[in-house]
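Peer 1: sequence-free structure coming up:
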Ligand code: KPL
C-alpha cells in the first residue's frame, strides 16, 4: 500500500514518519514549491526526550492512481494543492484529513465515493526548514463515522503513539476546533508560546472567548459540553513550549488558517442569528 502525502509541514512529516515506521511506503506529492535538485524530500525529526535528529526520506510520487492520501496542507491551501491531483484520485480514495479547521473540503471536487477519515490531534510540532521538533505526542483520534476502522489502521496504531479509532469523530473535531479557536489566535495576536496564555494577563481574554465559542457550539451541537476554557487550558499546559501553528504563520508572513477556525464559527453563528463579536474581531485582525 502506498500512502501519498500532500503537505510535508510539521504534522504531515510527523504522520509520514509514523506511516513509514508502520511499514507503509510514503510518497510526497509536490505542492508547487519543489525543493530544487532533489528526487524527494528530506526531513529530520526530534522527538520529546531525544537528542538525536531522526531522518526520513519521502520520494516524489511516481505517476499512478492515488488510493490512500494523507492531507496535511494548511487549510487555506487545500483547493490549490489538491487540484492538480484530482484526476489521479481513485474513485474510492481514502483521504485522511490531518488539517486544522472545518469546511476546507467543501466543494473541492473530490470523487463521490471518497472515504474521508478525519484525524484530530493535539500533538504539537514545529518546523524550521527540514527540521521538525516534536513538542508533544498527545492523543490522536481518527474516524469516518463508522464503528470499525479500515484494515490499515491496526498497523498504523502500532507506530503512532496514542492513536485511537473514534466513532463520534464530529464531536472530537468540534472539540479540537474550539481549542484551536482559543489558543491559535490569542498566541498569534500576543506573539507568545501556548503556555504563556495561562498567565493572569491573558486569562480574562481566554475566558471571554471560550464563553462565546461555547455559545456558538451549543447552537451547532445539542450535546456540546460547554467546556472550551477547561480544554484549551489543558492543551495550553500540555503544549506549553509550542509555538502555535497560527503564530508560526504570522511570524513567517504566511496566511493564517483563521477563516477555517474562528471564521467557521462566525459563519455558523451568522446562520443561526447568534452574535460572535470576539471571534469576528479576531478574524478581522488576523
Ligand atoms: O493544534 C495546535 C496548533 O498549534 O495548531 C495546538 C494543539 C494548539 C498546538 O500548538
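Peer 2: Here it is on my side, so go on. Predicted model, so just to flag it, every value in this text is computed and none were measured.

Peer 1: which helix or strand contains residue 3?
Peer 2: strand 2-6 (DSSP states H and E).

Peer 1: what's the span of stretch 234-246 from first residue to last?
Peer 2: Separation of the first and last residues of stretch 234-246 by C-alpha to C-alpha, to the nearest Å is 18 Å.

Peer 1: repeat for stretch 118-128
Peer 2: End-to-end distance (C-alpha to C-alpha), stretch 118-128: 26 Å.

Peer 1: give me the buried stretch members for the longest helix that the chain contains, please.
Peer 2: Counting by DSSP state H, the longest helix found in the chain is helix 169-190. Neighbour-count burial for helix 169-190, with 16 or more other C-beta atoms under 10 Å as criterion, is recorded at 169-189. For the C-beta atoms, the positions are set from N, CA and C on the backbone; glycine is no exception.

Peer 1: so how far is it from its chain's centroid?
Peer 2: Between the centre of helix 169-190 and the centre of its chain there are 10 Å (C-alpha atoms, centre = their mean, to the nearest Å).

Peer 1: and whichever residue of the stretch 1-150 of the chain sits closest to the ligand, bridged to which residues?
Peer 2: Proximity of the stretch 1-150 of the chain to the ligand (C-beta to the nearest ligand atom) peaks at residue 124, 4.0 Å away. Counting by DSSP bridges, residue 124 is bridged to residue 136.

Peer 1: next one: residue 50 from residue 151, what distance?
Peer 2: 31 Å (C-beta to C-beta, to the nearest Å).

Peer 1: around the ligand, which positions in the stretch 51-200 of the chain sit nearby?
Peer 2: 100, 122, 124, 180, 183-184, 194 (C-beta under 6 Å from any ligand atom).

Peer 1: pLDDT and distance to residue 212 for these - can I get that in JSON lines?
Peer 2: Converted to JSON lines, those look like this (pLDDT from 0 to 100; distance: C-beta to C-beta, whole Å):
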{"residue": "100", "pLDDT": "92", "distance to residue 212": "19"}
{"residue": "122", "pLDDT": "84", "distance to residue 212": "21"}
{"residue": "124", "pLDDT": "89", "distance to residue 212": "24"}
{"residue": "180", "pLDDT": "96", "distance to residue 212": "15"}
{"residue": "183", "pLDDT": "98", "distance to residue 212": "15"}
{"residue": "184", "pLDDT": "98", "distance to residue 212": "15"}
{"residue": "194", "pLDDT": "97", "distance to residue 212": "20"}
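
Peer 1: nearest to residue 79 among the residues you listed?
Peer 2: residue 100 (15.8 Å; C-beta to C-beta).

Peer 1: show me the contacts for the closest one.
Peer 2: Applying C-beta atoms under 8 Å, 6 or more residues apart in numbering to residue 100 gives the contacts 75, 176, 180, 184, 245, 257, 260-261.

Peer 1: now do residue 63
Peer 2: residue 88.

Peer 1: regarding it, what is its secondary structure?
Peer 2: For residue 63, the assignment made with DSSP: H, G, I helix; E, B strand; the rest coil gives coil.

Peer 1: and what of the one 5 residues further on?
Peer 2: Look at residue 68: counting by three-state DSSP, its state is strand.

Peer 1: residues near it, how many?
Peer 2: Here the number of neighbours of residue 68 (other C-beta atoms under 10 Å) works out to 22.

Peer 1: measure it to residue 3 for me?
Peer 2: Taking C-beta to C-beta, one finds residue 68 at 5 Å from residue 3.

Peer 1: follow-up on the earlier one: does the residue of the stretch 1-150 of the chain closest to the ligand really touch residue 237, like I thought?
Peer 2: No: contact criterion C-beta atoms under 8 Å: residue 124 and residue 237 do not qualify, at 11.7 Å.

Peer 1: which of these two has more neighbours?
Peer 2: It is residue 124, of residue 124 and residue 237, that has more neighbours when counted by other C-beta under 10 Å, with 26 against 12.

Peer 1: residues touching the more buried one, list them.
Peer 2: Contacts of residue 124 by C-beta under 8 Å, 6+ apart are 134-136, 138, 194, 238-239, 242.

Peer 1: how many neighbours does residue 107 have?
Peer 2: 8.

Peer 1: partners of residue 118 in the sheet?
Peer 2: Counting by DSSP bridges, the residues bridging with residue 118 are residue 97, residue 143.

Peer 1: many thanks, we can stop here.
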